[in-house]
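Participant: Could you work out the structure for the sequence below:
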Amino acid sequence: MKALLVCEQREGKLLDTSYELVAFAERLGAEVSLVLVGKEAQAPQVAAKLYLADVDKYGEYSPELHKHIVVAAVLKENPDYIIFPHSSYGWDLAPRVAATLRVGQVSEVVNIVDGKLEVSLCNGKLRRTVSPKGARAVLTVQAGAFNYAGQKSGAPQVEAIEISQGSSALQFVGYEPAEKKEVDLGRAEIIVSAGRGVGKKENVAVIADLAKAFGGELGASRPVVDAGWVGHSHQVGTTGQTVSPKLYVACGISGAIQHLAGMKKSDFIVAINKDKEAPISEAADVMVVADVLQLAPVLAEKLRAA
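Facilitator: Residues are numbered from 1 along each chain as shown. You can find the predicted model right below:
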């Protein structure tokens with residue numbers, strides 16, 4: 001089995017999702033090759049063939065040109081899977097490549113179960129397993145779903161790749177910064193987040209009080225935000241804010257892939273949940289099996305007393 005990984009760089013920096021694609025390919029047991037529109041200095045440190053297209057010539061992002069670059073690499077490698085990060089880059093480019101190659105696409109892969117691809121549905125609320133029918137398929141892989149455990153010290157075998165299509169009707173202007181959020185969780189050293197397990201909107205105040213006792217900020221999982229219990233600026237995850245505090249306390253949060261991807265770089269993670277088997281337990285440094293609505297007020301009181 002062979003896999004062509006479509007790496008992503010932004011403003012001169014290779015994104016970590018490129019290494020997560022390597023981890024996914026390793027789980028598949030696939031032989032890896034890579035393609036990148038960038039510079040050799042940004043090349044993933046992986047011992048594999050890398051097809052490199054010059055970003056100065058083909059642009060930071062140009063849908064048609066980048067599509068043709070990926071297709072050119074496909075023709076050279078003949079892979080079974082063409083794999084993109086499940087990002088705005090992948091969302092736009094993967095279906096263009098799939099349509100050009102006339103193959104199927106599987107979006108937002110989060111796991112591999114019994115050799116089948118597990119995908120996220122309904123904004124992460126459901127999952128199902130699928131298998132492509134054809135001999136080749138285009139995939140997008142959810143950020144944070146596969147952790148790369150290898151050493152980033154391999155030397156790629158770089159081969160320049162060029163295409164005859166040298167211009168595009170679209171011009172890349174630049175990146176526009178996101179609107180300033182009411183709460184900037186990215187700067188917080190301590191975050192205490194409320195999940196669906198707190199039960200109802202009124203109980204979020206208990207978690208907010210614990211966050212205040214810690215001297216931190218209140219965060220939340222997507223279901224809490226979707227329910228209207230707190231504002232979107234408090235949301236942690238791939239569709240909210242990506243955070244890396246010194247301490248992250250997850251209260252009543254099961255641990256969906258999208259949430260874990262947004263907080264996995266926290267220095268220390270404490271999870272409070274009645275279900276000891278909740279997925280968040282795999283990411284937690286300390287797992288407290290308890291009713292968060294009983295524990296949080298007592299913990300807040302002890303913190304204030306200290």
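
Participant: what's the burial count for Leu4?
Facilitator: In terms of burial, Leu4 registers 28 neighbours under the definition other Cβ atoms under 10 Å. Every residue, glycine included, has its C-beta placed from N, CA and C.

Participant: where does the stretch 51-200 of the chain have low pLDDT?
Facilitator: When the per-residue scores of the stretch 51-200 of the chain are filtered using pLDDT under 70, the ranges that remain are 123-125, 150-151, 153, 166, 178-181.

Participant: Point out the other helices and strands that the longest strand along the chain packs with.
Facilitator: Among the segments of the chain that qualify as a strand by DSSP state E, the longest is strand 104-113. Helices and strands touching strand 104-113, by 3 or more Cβ pairs under 8 Å, 6 or more residues apart in numbering; DSSP states H and E, are helix 17-28, helix 88-101, strand 116-121, strand 126-130, strand 137-141.

Participant: just the helices in this protein please.
Facilitator: Taking DSSP state H as the criterion, the chain carries its helices at 17-28, 55-58, 63-77, 88-101, 204-214, 222-226, 257-263, 292-305.

Participant: Which of those helices has the highest mean neighbour count?
Facilitator: When the helices of the chain are scored by mean count of other Cβ atoms under 10 Å, the highest mean neighbour count falls to helix 257-263 (a mean of 26).

Participant: For it, list the C-alpha coordinates in PDB.
Facilitator: What follows is helix 257-263, C-alpha atoms only, in PDB (Å, rounded to 0.1, in the frame of the first residue of the first chain):
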ATOM      1  CA  ILE A 257     -11.200  14.500  18.800                       C
ATOM      2  CA  GLN A 258     -12.000  18.100  17.900                       C
ATOM      3  CA  HIS A 259     -11.700  19.200  21.500                       C
ATOM      4  CA  LEU A 260      -8.500  17.200  22.200                       C
ATOM      5  CA  ALA A 261      -6.900  18.700  19.200                       C
ATOM      6  CA  GLY A 262      -7.500  22.200  20.600                       C
ATOM      7  CA  MET A 263      -5.900  21.500  24.100                       C
END
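
Participant: Val113 reaches Arg128, doesn't it?
Facilitator: No: if you go by Cβ atoms under 8 Å, Val113 and Arg128 don't touch, sitting 10.1 Å apart.

Participant: just to revisit the earlier point, dump the longest strand of the chain to CSV, keeping only the CA atoms.
Facilitator: Listed in CSV are the C-alpha atoms of strand 104-113, where the atom choice follows Å, rounded to 0.1, in the frame of the first residue of the first chain:
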residue,chain,number,x,y,z
GLY,A,104,-13.9,8.8,-4.1
GLN,A,105,-13.2,11.0,-1.2
VAL,A,106,-13.5,10.3,2.6
SER,A,107,-13.5,13.4,4.8
GLU,A,108,-12.5,13.9,8.4
VAL,A,109,-10.9,10.5,9.3
VAL,A,110,-10.4,10.3,13.1
ASN,A,111,-9.4,6.7,13.6
ILE,A,112,-8.7,3.3,12.0
VAL,A,113,-10.9,0.5,13.3
